[in-house]
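# Curious how this folds, go ahead:
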Amino acid sequence: MKKTVKGKSYDTIEMSIVKKVTSGAYGDPAGYEETLYVAEDGTYFLYTNGGAESKYTAEKLTQMSKAKVEAWKKANA
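Alright, predicted model coming up:
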């Protein structure tokens, strides 16, 4: 997935995965995935996607601050 932030393009294909969390089985309408990525420049992004009944009903890539990254990691340890 690609995203432009402050004029700079980011692509998850070129980023490193830090951690991936899934809930539910493939095809579960309430299932979802969260994948934390880090770009070469140290910028963190959270990719989210899920079924029609999940908390992530649409694919999204969100930039995250280091504080939010640490909180997410702690919550998903």
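# Quick one: residues contacting Tyr47.
Met1, Thr12, Glu33, Glu34, Thr35, Leu36, Tyr37, Glu59, Lys60, Leu61 (C-beta atoms under 8 Å, 6 or more residues apart in numbering). All C-beta atoms are positioned from the backbone trio N, CA, C, and that covers glycine.
# Most widely separated two among these?
Pairwise distances across those (C-beta to C-beta) peak at 15.4 Å, for the pair Leu36 and Glu59.
# More neighbours: which of these two?
Leu36 (20 against 11; other C-beta atoms under 10 Å).
# still on that earlier bit, most neighbours among the contacts of Tyr47, which one is it?
Top of the contacts of Tyr47 by neighbour count (other C-beta under 10 Å): Tyr37, with 23 neighbours.
# Could you say which helix or strand holds it?
Per DSSP states H and E, Tyr37 falls inside strand 32-38.
# just checking, what packs against that strand?
strand 16-23, strand 44-50, helix 66-75 (3 or more C-beta pairs under 8 Å, 6 or more residues apart in numbering; DSSP states H and E).
# Off-centre distance for it?
Relative to the chain's own centre, strand 32-38 is displaced by 3 Å; criterion: C-alpha atoms, centre = their mean, to the nearest Å.
# neighbouring strands for that strand, and are they parallel or not?
Note on strand 32-38: by DSSP bridges, its sheet partners are strand 16-23 (antiparallel), strand 44-50 (antiparallel).
# could you dump the ones you listed to TSV with mean pLDDT and distance to Pro29?
Output for the strands paired with strand 32-38, formatted as TSV (pLDDT from 0 to 100; distance: least, C-beta to C-beta, whole Å):
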stretch	mean pLDDT	distance to Pro29
strand 16-23	96	12
strand 44-50	95	9
